[in-house]
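A.B. asks: model this:
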Amino acid sequence: MTLFAMRRLAASASRRVAAHRPVVRSRWTPGDDPDHNLELILENNKRWVAETNEMDPEFFTELGKGQAPEYLYIGCSDSRVVASEMLQLGLGQLFVHRNVANLVVANDLNLLSVLNYAVAHLDVKHILVTGHYDCGGVRAAMKNQELGILDAWLQHIRDTYRLHREELEAIEDLEARHRRLVEINVVEQCLNVYKTTVVQRKRLETHGDPTSDFAYPRIHGLVFDPSDGVLHRLDIDYRAHIGELGGIYDLFDWDRDHYMLRKGRMPRAPP
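C.D. replies: Numbers count the residues shown, from 1 in each chain. Below is the predicted model of the structure:
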């Protein structure tokens, strides 16, 4: 482990300890300043900086030199699902994109920009597509009601429900059905990540590369349970999915039976 990595872990441990300390009460009251909560946050930040500098005076100097995260996290905007907290990763170790119900939508320029930068420029090795049980977006998509501008976004989850309707409606318990849709939604978003040009190109470049231990980025489907804090890994058979759908979504010419590019190109393996 490099010295910088050790410093990051030490500083991360310091922040975790600080996070469980009683929050310093602000000297502002609602009657004095409508922004008193912001002032409290700024006070918390100053205290955190002081504690981090006390543990490692060089931490922010090193952090300011740039980032080289190994992971891209694609998750939900839910306030209970904070990636750095539940994964216990420090600053500089996790590149993050969040939206309602952790969707990977083909025409979402925000998501695509994050994905492109993470894969093509930051060279992340792993993409963590992370959903969570008790997801408000998934619950809303399961109801027949008008929700304004959110309807267009939730349509993607409803399409996933339609594709897996037989399995889902065989589950009589509505809460169990919700939890299963959360899982299926994560699987579909993982496949949507695989469909993108930047991911397919990077996997093509890294497969068989003697300087790389494996083809990447690898795509992982995870589900977080807010009721117990446990993160579950979903078993996704990429080889089966790619074998079935590769002829539709693959952007490079390759032999699906042998995962070998035609025309003498470099071979590749599934995620």
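A.B. asks: rest of the way, CA atoms for contacts and neighbours
C.D. replies: Noted.
A.B. asks: domains of the chain?
C.D. replies: 1-66, 67-261 (automatic domain parsing).
A.B. asks: Can you lay out those domains as CSV showing mean neighbour count and mean pLDDT?
C.D. replies: Output for the domains of the chain, formatted as CSV (neighbours: other C-alpha atoms under 10 Å; pLDDT from 0 to 100):
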stretch, mean neighbour count, mean pLDDT
domain 1-66, 13, 71
domain 67-261, 17, 93
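A.B. asks: Could you pull out the helices in the stretch 151-271 of the chain for me?
C.D. replies: Ranges of helices in the stretch 151-271 of the chain, per DSSP state H, counting those that start in this stretch, are 165-169, 174-195, 197-206, 238-249.
A.B. asks: Nearest to L154, out of those?
C.D. replies: With respect to L154, and counting by C-alpha to C-alpha, the nearest of these is helix 174-195 at 11.4 Å.
A.B. asks: Need the residues that contact that closest one.
C.D. replies: 102-106, 129-135, 138-139, 142, 157, 160-161, 168-169, 171, 199-200, 219-223, 234, 236, 249-250 (C-alpha atoms under 8 Å, 6 or more residues apart in numbering).
A.B. asks: quick one: which of the residues you listed sit in strands?
C.D. replies: 129-132, 219-223 (DSSP state E).
A.B. asks: which pair in those spans the largest distance?
C.D. replies: H132 and I219 (16.9 Å).
A.B. asks: which residues in the stretch 1-150 of the chain form helices?
C.D. replies: 3-19, 36-55, 59-63, 83-87, 109-116, 136-141, 150-163.
A.B. asks: Report the contact partners of H126.
C.D. replies: 70-72, 216-220.
A.B. asks: Please apply the same query to Y249.
C.D. replies: K195.
A.B. asks: From T197, how far out is it?
C.D. replies: 10 Å (C-alpha to C-alpha, to the nearest Å).
A.B. asks: Equivalent analysis for L91, please.
C.D. replies: 28 Å.
A.B. asks: Stretch 191-201 spans what distance, first to last residue?
C.D. replies: Stretch 191-201 end-to-end distance (C-alpha to C-alpha) = 15 Å.
A.B. asks: from the chain's centre, how far out does it sit?
C.D. replies: In this view, stretch 191-201 has its centroid 15 Å away from the chain centroid, taken as C-alpha atoms, centre = their mean, to the nearest Å.
A.B. asks: Dump the helices of the stretch 1-150 of the chain into JSON lines; add distance to H97 as well.
C.D. replies: Formatted as JSON lines, the helices of the stretch 1-150 of the chain follow (distance: least, C-alpha to C-alpha, whole Å):
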{"stretch": "helix 3-19", "distance to H97": "21"}
{"stretch": "helix 36-55", "distance to H97": "22"}
{"stretch": "helix 59-63", "distance to H97": "20"}
{"stretch": "helix 83-87", "distance to H97": "10"}
{"stretch": "helix 109-116", "distance to H97": "7"}
{"stretch": "helix 136-141", "distance to H97": "16"}
{"stretch": "helix 150-163", "distance to H97": "16"}
